[in-house]
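*Asks:* Model the structure of this input:
(2 chains)
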Amino acid sequence: MTLSGFSGGVLAAAMLAVLVALSLMVVRVLKGPTTFDRLVATNSIGNGAILLVALAGYLTGRPDFLDLGLTYALLNLIGTFAVLKFFDHGALGAEGRVEGGEGER
Amino acid sequence: MIDLLREGAAALFILSGAFFFVVGAIGINRMPEVFTRLHAASVSDTAGVSLILVGLMLLEGFSLVLAKLVFLFLLLLFAGPVATHAIARAALKAGARSVALEDGRDERPGDPPAAKRAKSPPRRGR
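*Replies:* Numbers count the residues shown, from 1 in each chain, chains lettered A, B, ... in the order given. Coordinates of the predicted model:
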């Protein structure tokens, strides 16, 4: 697959937009008053990283980077659920619900 | 000619996907609390990612890379709403309440009826 100059420009513009969006999401991670606000932004940052890897792979003519994107997608979902379970149950391996084990306010 | 058309369509998809991703990021920053922020994040997680990946699919011909892109697309299409649902459920359980339910309509199925309450209970989860 050879990339024309037009498509290269489009990919670079999209990468720039994704980078801007990622910096906005980082602001929310740093500010976010509750754990869940931070988690919302973290999840979106993971998706942005996937997009960034895919676009960079196309821009440099090495779309094999998509394997990294697939791995990131799986890890992102698992990581989000791990943090959620930790704040929900108070532990990662707990059996049943720990009463009062609520998330950070 | 057909290549030009294909690249134009791919550019349209990729740029609109980038637009939705930025809009979602702005929404995450500007919305007042966690549920509305989730609502905004869903835009970038679903529309932004899907449109950019479809654009890349158009840019690519038929090859192994296309299969990888389809797998990534399907994975993100299912994982995004699942993660959103899990975060919203955990936030609700931890006591967060939406500002969309102001004016005494701040109820859940387990709560006592509004008539029996002297006034609405103090807001938690802020």
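
*Asks:* Spatially central residue in chain A, please.
*Replies:* residue A:46 (0.8 Å; C-alpha atoms, centre = their mean).

*Asks:* Could you do chain B as well?
*Replies:* Short answer for chain B (C-alpha atoms, centre = their mean): residue B:42, at 0.4 Å.

*Asks:* so that residue makes contact with residue B:83?
*Replies:* No - checked against C-beta atoms under 8 Å, the pair residue B:42 and residue B:83 is beyond contact range at 9.8 Å. For the C-beta atoms, the positions are set from N, CA and C on the backbone; glycine is no exception.

*Asks:* Can you tell me how far the residue lying closest to residue A:70 once chain neighbours are set aside is from residue B:81?
*Replies:* Spatially, and ignoring its direct neighbours in sequence, residue A:70 is nearest to residue B:72 (5.5 Å; C-beta to C-beta, 6 or more residues apart in numbering or on different chains). Between residue B:72 and residue B:81 the computed distance is 16 Å (C-beta to C-beta, to the nearest Å).

*Asks:* Would you mind telling me which of those two has the busier surroundings?
*Replies:* Using other C-beta atoms under 10 Å in any protein chain shown as the criterion, residue B:72 and residue B:81 rank with residue B:72 on top: 23 against 13.

*Asks:* Give the buried residues for the longest helix along chain A.
*Replies:* The longest helix of chain A (DSSP state H) is helix A:5-31. Neighbour-count burial for helix A:5-31, counted by 16 or more other C-beta atoms under 10 Å in any protein chain shown, picks out A:7, A:10-11, A:14-15, A:17-18, A:21-22, A:24-25, A:28-29.

*Asks:* ok, and does that helix reach over to chain B?
*Replies:* Yes - Helix A:5-31 reaches chain B (C-beta under 8 Å from any C-beta of the partner chain) through A:6-7, A:10-11, A:13-14, A:17-18, A:20-22, A:24-25, A:27-28.

*Asks:* tilt between the helix or strand following that helix and helix A:5-31?
*Replies:* Sequence order places helix A:35-59 as the next helix or strand after helix A:5-31, per DSSP states H and E. Taking axes from the mean of the first three to the mean of the last three C-alpha atoms, to 10 degrees, one finds helix A:35-59 and helix A:5-31 inclined to each other by 160 degrees.
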